[in-house]
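1. need a structure here:
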Amino acid sequence: MATKGWYWQLEPAKSALARYSSLKDPPPCPKCCLAAGFAKDSNGTGRNTNGCFRCKACKLKLRAKDFWSEVLKLPLDALPPRELPQDAGKLDTL
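-> As a prediction, the model looks like this:
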């Protein structure tokens, strides 16, 4: 899965994408219960943009943190802390 967008290089989107990409089969959506897969998406503008996942069947959008816990069923304390664009020196690319 190719990454487009600076926000996929920051936590929690980075870890959620890595974990999702490593799965053999897509997990079911918590809303429609179909295992149609999830597309990378984004929400927000400028520095407030964040990576999210969109169900290919019902179009439900989940932030990376919610995707981690609700779809991947992983504990939130296993997710690295949130990074801001300035933490990673990304401000010049916005």
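2. what's near enough to touch the most centrally placed residue in the chain?
-> Per CA atoms, centre = their mean, the C-alpha nearest to the average position across the chain is that of A64, at 3.4 Å. By CB atoms under 8 Å, 6 or more residues apart in numbering, the contact set of A64 is 12-13, 15-17, 50-53. Using the backbone N, CA and C atoms, a C-beta is placed for each residue, glycine as well.
3. quick one: contacts of the longest helix belonging to the chain?
-> In the chain, taking DSSP state H as the definition, the longest helix is helix 13-21. For helix 13-21, contacts defined as CB under 8 Å, 6+ apart pick out 1, 3, 7-8, 38, 40, 50-53, 64-65, 67-68, 72, 74, 79-80.
4. relative to helix 13-21, how tilted is the next helix or strand after that helix?
-> Later in the chain than helix 13-21, the nearest helix or strand by DSSP states H and E is strand 38-43. Orientation of strand 38-43 against helix 13-21 (axes from the mean of the first three to the mean of the last three CA atoms, to 10 degrees) gives an angle of 160 degrees.
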